[in-house]
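[1] this one's structure only:
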């Protein structure tokens, strides 16, 4: 019988990462102000085009009025439901005949309209794409259907512990009235009044060529791209509607740490969120932050996962993450644990958040985090859509053109001291709020005696009484 330790000694070791260069790209500007970015990716005949309206031009949900929160996301969903030239069925059939897929989506920082099509059909598809992006009709019947779907989904959120925690957490860490405190898709009170006129007005305010960028990625060699784009978008005129104003306090933090338990009597598990307002994307120590978060809770062998899953057996998995937006998005540790383990798990999370900025970082931890981030980087850009998505990130966040080329060398250069400095700069354990969706009878008293602060217990309709 062979010695198992000898087998372990013969395991393959990771080699040096292969060189990788992000595909080159170039910019031109149409007479109407629309920026065109073309990126040739050889051997990728399935092309990806994205029309992006950045946050600084009013794009995204950050700039919507609080009274109509959710309008931007619903506007994007409704853009493919018919145009001034075709109804919803005719539009879908026209897109399918070209072998293309078209859709729109909205985030906090941008609105994006996407096209995926074989290169041989790009010309015809680009015209249809412009029709959807610039001339949606927002049929009242379709808007009502999508609005009702959203309202039904919001009811389901309240019954799903994981999604309930995701809804509660931003409202706890951000100040009342801050856009980031509410869900991207809005809440019942703001979604219910949305109609086709609201969506049409929102579209008119957002879609303007001087605030937009069109990306075309894939094997575009030999294509008359200037003519194709010019024919579809060259006559797009500047909107007469003023662009939306961007709130200056989108990421305003709530005052002080809060501990909130959303009561689910008899729940066998608790959903836990621990964190605070994090950081924006444009920070000088972005690469150090990335390595720090990887070793804290971004890898399977991260500190949090090795403690709460492997050592304690509290959870199937725990992770941490920074949602890096144009303004400071949330930082959160997320996990689900058995109800009796709720307070002990919170204590371990809080302790690890304190430790990452204080205890030394080992060479093994540092190497594992850097090697992972460097190794998976090229895998993120195997398709035209992935390349376009990366370029969209540069556009939305207004990052330098060489940002993606600098990524791997910058990650490799992160030191243990850099990791600790990033933790000290961006993790404030004393400000970390705690949200638990679980059985308050099991965990409330332990959370109170742990000294995190006053515990607020919330009883959702159908699950308990009123808020205490």
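    Arrived safely. For clarity, every value in this text was computed on a predicted model and none was experimentally measured. Residues are numbered from 1 along each chain as shown.
[2] ok, which stretches of the stretch 351-468 of the chain are strands?
    433-438, 455-458 (DSSP state E, counting those that start in this stretch).
[3] return the most buried member of those.
    Sort the strands of the stretch 351-468 of the chain by mean neighbour count, taking mean count of other C-beta atoms under 10 Å, and strand 433-438 sits at the top with a mean of 27. Where C-beta positions appear, they are placed from N, C-alpha and C, glycine not excepted.
[4] ok, what's across the strand from residue 37?
    Beta-bridge pairing of residue 37 under DSSP bridges involves residue 27, residue 215.
[5] that one contacts residue 215, doesn't it?
    Yes - using C-beta atoms under 8 Å, residue 37 and residue 215 qualify as a contacting pair, with a distance of 4.8 Å.
[6] who has more neighbours, those two?
    Legend: neighbour count by other C-beta atoms under 10 Å for residue 37 and residue 215, higher for residue 215 (26 against 21).
[7] what sits against the more buried one?
    37, 38, 39, 48, 49, 50, 51, 52, 388, 391, 392, 395 (C-beta atoms under 8 Å, 6 or more residues apart in numbering).
[8] pretty sure residue 164 contacts residue 262?
    Yes - at 6.0 Å, residue 164 and residue 262 qualify as touching, with contact defined as C-beta under 8 Å.
[9] overlap of the contact sets of those two?
    437, 460.
[10] who has more neighbours, these two?
    residue 262 (25 against 21).
[11] so the more buried one belongs to a strand, correct?
    Yes - assignment of residue 262 by DSSP: H, G, I helix; E, B strand; the rest coil places it within a strand.
[12] now do the contacts for it.
    164, 165, 168, 435, 436, 437, 438, 458, 460.
[13] what about the strands in this protein?
    25-29, 35-40, 46-54, 101-106, 110-118, 212-218, 259-263, 269-277, 318-322, 330-338, 433-438, 455-458 (DSSP state E).
[14] TSV for those strands, including distance to residue 374?
    Output for those, formatted as TSV (distance: least, C-beta to C-beta, whole Å):
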stretch	distance to residue 374
strand 25-29	22
strand 35-40	22
strand 46-54	25
strand 101-106	29
strand 110-118	28
strand 212-218	23
strand 259-263	38
strand 269-277	26
strand 318-322	19
strand 330-338	23
strand 433-438	33
strand 455-458	43
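[15] out of the ones you listed, which comes closest to residue 446?
    Nearest to residue 446 among the strands of the chain is strand 455-458; the distance by C-beta to C-beta comes to 9.7 Å.
[16] where along the stretch 351-468 of the chain do the helices fall?
    Along the stretch 351-468 of the chain, the stretches classed as helices by DSSP state H, counting those that start in this stretch are 363-376, 384-397, 403-412, 416-426, 440-449.
[17] deepest-packed of these, please.
    Most buried among the helices of the stretch 351-468 of the chain, counting by mean count of other C-beta under 10 Å: helix 384-397, with a mean of 21.
[18] that helix - contacts with which helices or strands?
    For helix 384-397, the packing partners by 3 or more C-beta pairs under 8 Å, 6 or more residues apart in numbering; DSSP states H and E come out as strand 35-40, strand 46-54, strand 110-118, strand 212-218, helix 403-412.
[19] would you mind pulling the contact partners of the first one?
    Think strand 35-40. By C-beta under 8 Å, 6+ apart, strand 35-40 touches 23-30, 212-221, 225-226, 229, 387-388, 391, 395.
[20] which of the residues you listed are buried? Put it as a PyMOL command.
    To isolate the buried members of the contacts of strand 35-40 in PyMOL, using 16 or more other C-beta atoms under 10 Å:
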select buried, resi 23+25+30+212+213+214+215+216+217+218+219+220+225+229+387+388+391+395
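[21] just to revisit the earlier point, which of the strands of the chain sits closest to residue 249?
    Once C-beta to C-beta is applied to the strands of the chain, the stretch that comes out nearest is strand 269-277, at 11.4 Å.
[22] that closest one vs strand 259-263, what angle?
    Put simply, strand 269-277 runs at 150 degrees to strand 259-263, going by axes from the mean of the first three to the mean of the last three C-alpha atoms, to 10 degrees.
[23] just checking: what are the partner strands of strand 269-277?
    Strand 269-277 is paired, per DSSP bridges, with strand 330-338 (antiparallel), strand 433-438 (antiparallel).
[24] can I get these in JSON lines with mean pLDDT?
    Formatted as JSON lines, the strands paired with strand 269-277 follow (pLDDT from 0 to 100):
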{"stretch": "strand 330-338", "mean pLDDT": "98"}
{"stretch": "strand 433-438", "mean pLDDT": "98"}
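[25] residue nearest the centroid of this protein?
    Nearest residue to the geometric centre of the chain (C-alpha atoms, centre = their mean): residue 323, 6.4 Å.
[26] hang on, that residue packs against residue 334?
    No - the pair residue 323 / residue 334 is not scored as a contact, 11.4 Å apart, by C-beta under 8 Å.
[27] can you tell me the closest non-neighbouring residue to the residue nearest to the centre of the chain?
    residue 329 (3.4 Å; C-beta to C-beta, 6 or more residues apart in numbering).
[28] quick one: contacts for the one you found?
    Residue 329 neighbours (C-beta under 8 Å, 6+ apart): 108, 180, 251, 277, 278, 279, 280, 322, 323.
[29] quick check: the first one touching residue 330?
    To tie it back to what came earlier, the one meant is residue 108. No - using C-beta under 8 Å, residue 108 is not in contact with residue 330; the gap is 11.0 Å.
[30] between the two, which contacts overlap?
    Shared contacts of residue 108 and residue 330, counting by C-beta under 8 Å, 6+ apart, come down to residue 180.
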